[in-house]
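A.B. asks: Mind folding the following:
(one chain, ligands or ions: 1)
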Amino acid sequence: MSNDPALDRFLSWIEHHGGKISKISLSQGASGRSGFASETIEPNETFASIPFDLVITETVARRAFPQLNALSSRPVLSWYLARENNNSESIHRPYLDMLPTTIMTPYFFSQDDLVYLSHTNLGTAVRERLVGIRRDFDCILQIIDPAEHVSWDVYLWSYCVFSSRSFPYTLIDPEYTGDSSEVLLPLLDTFNHKPATKITWSRQGTAESGRISFISGDTIPAGNEVFNNYGAKSNEELLLGYGFCLADNEYDYITIKPNISTDPNGPLKLQILKNCNVTSGNLDPLVHYIHHNHIPEAFWKTMRVLIMNTFELEYYATCNDPGQLDWISHRNEFAMTTVCTSLLQSRIFELKRSVLPRENLSSCQHYALIYRDSQQLLYQNALDMVNQRKQQVLSSIKSLLDSRTMPSPPFLRIAHPGQPPPIFNTATTFVPLETATINVDRLLQRDLPFKAFIETFFESVEEELDVVLMLCLIRQLSLKDDSPWYPSLQAAWNAFDSAQEHCQETVMGLQDIYDSLFPQAFEHLETLDRNLFTLEGLVWANHMLSNYSVEFPPSAEPALVIVPY
Ligand SMILES: C[S@@+](CC[C@H](N)C(=O)[O-])C[C@H]1O[C@@H](n2cnc3c(N)ncnc32)[C@H](O)[C@@H]1O
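C.D. replies: Residues are numbered from 1 along each chain as shown. Below you'll find the predicted structure:
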């Protein structure tokens, strides 16, 4: 006998129904009720076991409330348990009296607690999920006689009993193939979670007369807490479902869903991903989970497609070979890492923006902060991986430039079947962006006469950056051996079909630009090559800008670069 009458009643009830507990004492600790080894438990030893009679199943709940037939498993089970909890004569009474009266999942967080989840996925998920739970509850109230209603708080508590301590129904019926269903296993749900705990959930006997047992996989010395293993769960799952989470959780991840809702080419991009069978593997194929030290290949591929420019899209529109998405071009890869960088940086910025008290925390604030800090670390970790990738791309461009390799246009892998993607050096040294891309600042610094010409003809370089960059591209062609870009640009110039149809409107715009600069510019700077600084030259430069540029987020320096590789 203990000095806890509810516990004594519960243990007698378990024993009376054929349940067994061996070498375990149950007591109240910091993490609620939990089990401790009263003697050393050996590997392969069964330490707790209950017959199926004690299990609370969906079948039991549906039998009690057939009028809720149209609702899914969780709301029916939640309603059943809530009603049983209001019934002093319930057949589950000893078990119900053992359940924690509060389960601090974020659904029960106060406004002060919810601040700790601001700008996190969970903050949004809690609001959305709560709407769904409430909708089911309201639906049930419409069906059930008002005299038999339970309060929202009791229903939500009951819902959280299931989220925090249910087991899959297949544990007692492995043959079951219906929609996912859960069960409550009194006694066996008393053990707290510790990742990597070796434990077997073992089912014996038939569906009618069987039982379920917990078998230890390790020696558990007397006095130690006996843990269960809830599986590989992220902090988001743990906090939302169970009301706690773990620092240093190796299964934690961040969730990234790229937003393409405003992209006019979004549908085509999704089609390419579908044709190439690229999916995150999740219910929503665009929702990607990024764990510590690993960005999944499907995420890289997805991002390569989502940031494609119209030129790349034309080439990939009918692609159905996922291998072609391993690598598209240096431009694409560099643009992709740039977009990922700003996406991750903005998440980190949002998380850091709220300065939250870190002392005198309630238990839910404490767990929310563990979740939040872990998310920030994971974002930073992903950002480091993206930056490493970006450095590899820049370093690959730099080595092509240094070797004065002449790539063939169009600078896209899909146009050169058989050409392998570059092999990245994992130990790259830092390559500044300016040295591996064509950008206005870099060129003007190295070409002072040209800089003087630009400053004379353009009041603000920033405001007319695209035109200035086009002129810089043409200038590179005349620098020949002085420009590392010459081989690549010359190849692009030679391959450029000036007779190709160009949008009339664009050509007219370029003509206006041309007329505003020339011929005066030639008098201003004699070294401007009259054969290159032509309307045709501008049309070519515009083509290069449309197809091989990378734009940066508004405040970044530089704002626009060209990567013709
Ligand atoms: C299946 S129950 C385990 C028994 C529970 N301690 C009780 O009081 O009934 C799951 C709940 O236990 C608590 N819990 C389990 N593992 C934990 C852990 N590692 N750290 C903190 N709380 C934990 C959480 O409150 C969770 O909702």
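A.B. asks: In which helix or strand does the residue lying closest to Asn387 once chain neighbours are set aside reside?
C.D. replies: Distances taken as C-beta to C-beta, 6 or more residues apart in numbering put Thr341 closest to Asn387, at 6.7 Å, once the chain neighbours are dropped. (Glycine included, C-beta is placed from N, CA and C.) Using DSSP states H and E, Thr341 sits in helix 330-353.
A.B. asks: So for that helix, mean pLDDT?
C.D. replies: Confidence over helix 330-353 (mean pLDDT, whole number) is 96.
A.B. asks: how far is that helix from where the chain is centred?
C.D. replies: 13 Å (C-alpha atoms, centre = their mean, to the nearest Å).
A.B. asks: after that helix, next one along is what?
C.D. replies: helix 363-402.
A.B. asks: and the next helix or strand after that next one, what does it pack onto?
C.D. replies: Using DSSP H and E, the helix or strand that follows helix 363-402 in sequence is helix 433-436. Under the contact criterion of 3 or more C-beta pairs under 8 Å, 6 or more residues apart in numbering; DSSP states H and E, helix 433-436 touches helix 363-402, helix 440-446.
A.B. asks: Give me the buried positions along the one helix or strand Gln511 maps to.
C.D. replies: In this assignment (DSSP H and E), Gln511 forms part of helix 504-517. Neighbour counts over helix 504-517 (16 or more other C-beta atoms under 10 Å) mark 507, 510, 513-514, 517 as buried.
A.B. asks: Give me the distance between it and the centre of its chain.
C.D. replies: 45 Å.
A.B. asks: Quick check: which helices or strands does it pack against?
C.D. replies: Going by 3+ C-beta pairs under 8 Å, 6+ apart, helix 504-517 lies up against helix 535-548.
A.B. asks: which one of the buried residues of helix 504-517 is nearest Leu479?
C.D. replies: Set against Leu479, the nearest of the buried residues of helix 504-517 by C-beta to C-beta is Leu517 (18.9 Å).
A.B. asks: Please report how far Leu185 lies from Met98.
C.D. replies: The spacing between Leu185 and Met98, counted by C-beta to C-beta, to the nearest Å, is 12 Å.
A.B. asks: does Ile215 sit in a helix, a strand or a coil?
C.D. replies: Three-state call for Ile215 (DSSP: H, G, I helix; E, B strand; the rest coil): strand.
A.B. asks: Just give the closest residue to it, not the sequence neighbours.
C.D. replies: For Ile215, ignoring the flanking residues on the chain, the nearest one in space by C-beta to C-beta, 6+ apart is Thr200 at 4.3 Å.
A.B. asks: and the one you found, how many neighbours?
C.D. replies: Neighbours of Thr200 under the rule other C-beta atoms under 10 Å: 12.
A.B. asks: And what about it, helix, strand or coil?
C.D. replies: Under three-state DSSP, Thr200 comes out as strand.
A.B. asks: Tell me how far it lies from Thr170.
C.D. replies: 15 Å.
A.B. asks: now do Asn192
C.D. replies: Distance, Asn192 to Thr170, using C-beta to C-beta: 23 Å.
A.B. asks: try Gln490
C.D. replies: For Gln490, the distance to Thr170 (C-beta to C-beta) stands at 65 Å.
A.B. asks: near the ligand, which residues of the chain?
C.D. replies: For the chain, the residues in contact with the ligand (C-beta under 6 Å from any ligand atom) are 31-34, 100, 103, 164-165, 189-190, 192-193, 242-244.
A.B. asks: Out of those residues, flag the one nearest to the ligand.
C.D. replies: Distances from the ligand to the residues of the chain next to the ligand, taken as C-beta to the nearest ligand atom, are shortest for Gly32 (2.4 Å).
A.B. asks: and Glu526, helix, strand or coil?
C.D. replies: Quick answer, by three-state DSSP: Glu526 is coil.
A.B. asks: Just give me the neighbour total for it.
C.D. replies: So Glu526, with other C-beta under 10 Å, has 8 neighbours.
A.B. asks: per-residue pLDDT, it?
C.D. replies: According to the model, Glu526 carries a pLDDT of 90.
A.B. asks: Check Arg404 too.
C.D. replies: pLDDT for Arg404: 86.
A.B. asks: the domain parsing of this protein - what is it?
C.D. replies: As given by automatic domain parsing, the domain ranges for the chain are 52-242, 253-415, 437-562.
A.B. asks: Make JSON lines from those and add distance to Thr46 to it.
C.D. replies: Below are the domains of the chain laid out as JSON lines (distance: least, C-beta to C-beta, whole Å):
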{"stretch": "domain 52-242", "distance to Thr46": "5"}
{"stretch": "domain 253-415", "distance to Thr46": "32"}
{"stretch": "domain 437-562", "distance to Thr46": "59"}
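A.B. asks: Of these, which shows the lowest average pLDDT?
C.D. replies: domain 437-562 (a mean of 90).
A.B. asks: chain center to that domain, what's the gap?
C.D. replies: The chain centroid and the centroid of domain 437-562 are separated by 39 Å, computed with C-alpha atoms, centre = their mean.
A.B. asks: Ok, stretch 117-130 next?
C.D. replies: Here stretch 117-130 shows a centroid-to-chain-centroid distance of 14 Å under the convention C-alpha atoms, centre = their mean.
A.B. asks: can you list contacts of it?
C.D. replies: Outside stretch 117-130, the residues that touch it by C-beta atoms under 8 Å, 6 or more residues apart in numbering are 106-107, 109, 114, 236, 239-240, 254-255, 347, 350-351, 353-354, 368, 371-372, 375.
A.B. asks: before we move on, what about stretch 389-396?
C.D. replies: 330, 333-334, 337-338, 341, 422, 424-426, 428-433, 435-437.
A.B. asks: let's see 6 Å
C.D. replies: Stretch 389-396 has contacts (C-beta atoms under 6 Å, 6 or more residues apart in numbering) with 330, 333-334, 337, 422, 424, 428, 431, 436.
A.B. asks: now swap in stretch 4-22 and tell me
C.D. replies: Among residues not part of stretch 4-22, those counted as contacts by C-beta under 6 Å, 6+ apart are 1-2, 47-51, 53-54, 94, 97-98, 187.
A.B. asks: buried set for it?
C.D. replies: The neighbour-count check on stretch 4-22 (16+ other C-beta under 10 Å) flags 7, 10-11, 13-14, 19-21 as buried.
A.B. asks: just checking, which of these belong to strands?
C.D. replies: 20-21 (DSSP state E).
A.B. asks: so which helix or strand takes in the residue sitting furthest away from the middle of the chain?
C.D. replies: Distance from the C-alpha centroid of the chain peaks at Glu523, with 56.5 Å (C-alpha atoms, centre = their mean). Element membership for Glu523 (DSSP H and E) is helix 520-524.
A.B. asks: Surely Lys301 is within a helix?
C.D. replies: Yes - counting by three-state DSSP, one finds Lys301 located in a helix.
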